[in-house]
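Colleague: please find the sequence and the predicted model below.
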Protein chains: 2
Amino acid sequence: MEEDLFKALADPTRRRILDGLVERDGQTLFEICARLATDHGLGLTRQAVSQHLAVLEAADLVRTRREGRYKFHDLNTEPLEHVVTRWLRPTPPGSTP
Amino acid sequence: MEEDLFKALADPTRRRILDGLVERDGQTLFEICARLATDHGLGLTRQAVSQHLAVLEAADLVRTRREGRYKFHDLNTEPLEHVVTRWLRPTPPGSTP
DNA sequence: TTGTCAGGCAAGTGTTCACTTGCCTATGGT
DNA sequence: ACCATAGGCAAGTGAACACTTGCCTGACAA
């Protein structure tokens, strides 16, 4: 749903998680927790990050794959494609000199 | 702020307001109220819409200009430009056959 | 089997948010 | 002057949200 997408993007921590996944795909939950702590100084609980990942997954911004006892998280940019263009008006010619 | 932008986009009513401003720029508060009611069946109070417009204005998505007792609202798409591209990874060649 | 590591489920808490109600200001018409 | 119109300010309410704590499941190694 479109609703899930915008709600997922509304939280700054979730946007940081997306930033981290752009750098390296296939991170595990503990990796994401560590990166949030070291790179951004966010001391979040493992469950907090897990819930954020659930929201991102509901928005289809993050895909997951299990291997053994690890669960890797991959970024999916496809829902973002037609989001901004929704309001980007065709600029009238001559309005941007 | 970036925070204000994403929070502004998080609410469905505010996204409808943006949709309406894409169709016709320079709408007044009562016009926006009427369009939300007729086009989308949303029976919102004038103050509710006014508060939504304040949030959109804080995100710089809406610019306002006063003329007499009227206040016209104009859409500003500039904050949306570099939003999505933040996470749009350069697709590796051959990954989209 | 026992211990450990990665992750999940569920209830509880405090804050933020959307929306309403009530009153106030200012501009314009008659 | 009057009154209607267009909008603003502020307090209050109920729901959604972010985050925590505590316990439980499943996979690997000794």
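Modeller: Right, received. Where do you want to start?

Colleague: for A:L9, which non-adjacent residue is spatially closest?
Modeller: Spatial nearest neighbour of A:L9, excluding adjacent residues (CB to CB, 6 or more residues apart in numbering or on different chains): B:F6 at 5.3 Å. All C-beta spots, glycine's among them, are computed from the backbone N, C-alpha and C.

Colleague: how about A:D39?
Modeller: Nearest non-adjacent residue to A:D39, counting by CB to CB, 6+ apart: A:G20, 7.4 Å away.

Colleague: and that neighbour, that one's in a helix?
Modeller: Yes: per DSSP: H, G, I helix; E, B strand; the rest coil, A:G20 lies within a helix segment.

Colleague: any idea how many residues pack against A:A34?
Modeller: Using other CB atoms under 10 Å in any protein chain shown, A:A34 is surrounded by 14 other residues.

Colleague: how many residues are close by A:R63?
Modeller: 14.

Colleague: who does the host helix or strand of A:R63 touch, helix- and strand-wise?
Modeller: Element membership for A:R63 (DSSP states H and E) is strand A:62-67. On a contact count with 3 or more CB pairs under 8 Å, 6 or more residues apart in numbering or on different chains; DSSP states H and E, strand A:62-67 meets helix A:46-58, strand A:70-75.

Colleague: out of these, the one nearest DNA strand D is which?
Modeller: Minimum separation from DNA strand D across these (CB to the nearest atom of the strand) falls at helix A:46-58, 3.4 Å.

Colleague: buried residues, the closest one. List them.
Modeller: A:49, A:52-53, A:55-57 (16 or more other CB atoms under 10 Å in any protein chain shown).

Colleague: then the strand holding A:R63 to CSV, C-alphas only?
Modeller: Once non-C-alpha atoms are left out, strand A:62-67 reads as follows in CSV (Å, rounded to 0.1, in the frame of the first residue of the first chain):
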residue,chain,number,x,y,z
VAL,A,62,13.2,-4.2,2.5
ARG,A,63,13.2,-7.8,1.3
THR,A,64,14.5,-10.6,3.6
ARG,A,65,16.0,-14.0,3.1
ARG,A,66,16.8,-16.6,5.7
GLU,A,67,20.0,-18.7,5.7
